[in-house]
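>>> here is my input, please return the structure:
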Amino acid sequence: MTVESPGTGTQAPAEPADTRQVIRPYGDTTGDGMVQMSFTLPVPAGKRADAAALQLAGKMGLDPASVVHAKPMGPDFTFFIVYGKVRHLIDYASIPVPEERAYPLLTSQEVNLAIRGALNRRLVVVGACIGTDAHTVGIDAILNVKGFAGEKGLEYYREIQVVNMGAQVTVPELVERAKTENADAVLVSQVVTQRNAHLHNTKQMAAAFHAEYPTAVSGGMGRPLLVVGGPRFDTVTEDDLGVDRIFGKGTTPAEVASYLVHALLPAQTDGETDDE
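Below you'll find the model as predicted:
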């Protein structure tokens with residue numbers, strides 16, 4: 001598109017359309033840039049601690065900022081909630097759309113039919129919380145019949161045999177049980193993340209399985225598929241940890257079941273499942 005330049009009669013290129021979608025945080029009113037954040041400082045509670053919290057907030061770009069909550073966490077620590085204004089802008093239009101799931105989300109009937117048709121036996125899944133992690137809420141949400149977010153867990157699927165080993169399972173115990181059960185997949189939940197315990201535990205687990213199945217080509221081809229899940233795996237990749245799949249917070253049983261079909265029975269997710 002061109003426009004006529006004043007007084008010249010010549011055509012000049014038109015200014016390109018502005019496709020930006022500039023946004024900033026919303027606090028009290030639209031676009032006011034107000035944000036709230038929380039953190040703990042290793043200092044006793046008091047006015048000096050509040051001043052330290054405000055200085056930190058300022059260095060993080062909050063100006064002005066206020067300490068809206070401060071609570072002692074024992075004699076030497078203080079927990080803060082700070083409310084302040086940031087000047088940063090985000091061009092939302094420039095952010096690429098994340099890749100969609102690489103496999104279709106299947107119903108329990110479709111999962112059962114796919115497994116029955118491809119394996120002619122039940123698919124075996126062994127799950128556990130490893131190391132010192134005693135939080136079974138994640139693994140139970142995926143495996144137990146009651147499930148999560150209105151979805152039934154994998155125990156509900158007729159063609160999936162679930163072995164839930166519970167919490168604080170050692171890596172050697174998990175490897176041995178997976179071998180005994182001839183597991184198709186191993187699911188590990190890691191909720192405890194202090195000092196990156198979840199990463200260390202997962203790497204140890206993956207290394208043990210790779211050592212136990214040295215001739216395996218990949219997950220599902222010579223060794224069980226290694227699947228790990230938890231709230232703090234978003235900064236690493238599968239290759240970093242040596243596993244086949246990482247699931248984050250909010251994952252549902254149907255997503256895991258669909259992935260197992262996709263990874264272990266790939267032909268079954270290409271439109272070959274039938275209605276029951």
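>>> switch to C-alpha atoms for all contacts and neighbour counts from now on
Noted.
>>> mean confidence for the helix or strand hosting Ala257?
Using DSSP states H and E, Ala257 sits in helix 253-264. Mean pLDDT, helix 253-264: 96.
>>> same check, this time on stretch 49-59
Mean pLDDT, stretch 49-59: 98.
>>> so which residues make contact with that stretch?
Contacts with stretch 49-59, where a contact means CA atoms under 8 Å, 6 or more residues apart in numbering, come from Leu41, Val43, Asp63, Pro64, Ala65, Ser66, Val67, Ala70, Thr78, Phe80, Val82.
>>> which ones among those residues are found in strands?
Those of those mapping onto strands are Leu41, Ala65, Ser66, Val67, Ala70, Thr78, Phe80, Val82, per DSSP state E.
>>> on that earlier part again, got the buried residues for the helix holding Ala257?
Of all the residues in helix 253-264, those buried under the rule 16 or more other CA atoms under 10 Å are Pro253, Ala254, Glu255, Val256, Ala257, Ser258, Tyr259, Leu260, Val261, His262, Ala263, Leu264.
>>> next: stretch 128-140.
Ala128, Cys129, Ile130, Gly131, Asp133, His135, Thr136, Val137, Gly138, Ile139, Asp140.
>>> check the residue nearest the centre of the chain and give its pLDDT.
Closest residue to the average C-alpha location of the chain: Gly248 at 1.7 Å, with CA atoms, centre = their mean. Gly248 carries a pLDDT value of 91.
>>> in CSV: the ones in strands among the contacts of stretch 49-59, plus neighbour count, pLDDT and distance to Val175.
Listed next are those as CSV, based on neighbours: other CA atoms under 10 Å; pLDDT from 0 to 100; distance: CA to CA, whole Å:
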residue, neighbour count, pLDDT, distance to Val175
Leu41, 18, 98, 41
Ala65, 20, 97, 52
Ser66, 18, 97, 52
Val67, 18, 98, 49
Ala70, 20, 98, 46
Thr78, 21, 98, 42
Phe80, 22, 98, 43
Val82, 20, 98, 46
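>>> what's the most distant pair in those?
Across the ones in strands among the contacts of stretch 49-59, no pair lies farther apart than Ala65 and Thr78, at 17.4 Å, counting by CA to CA.
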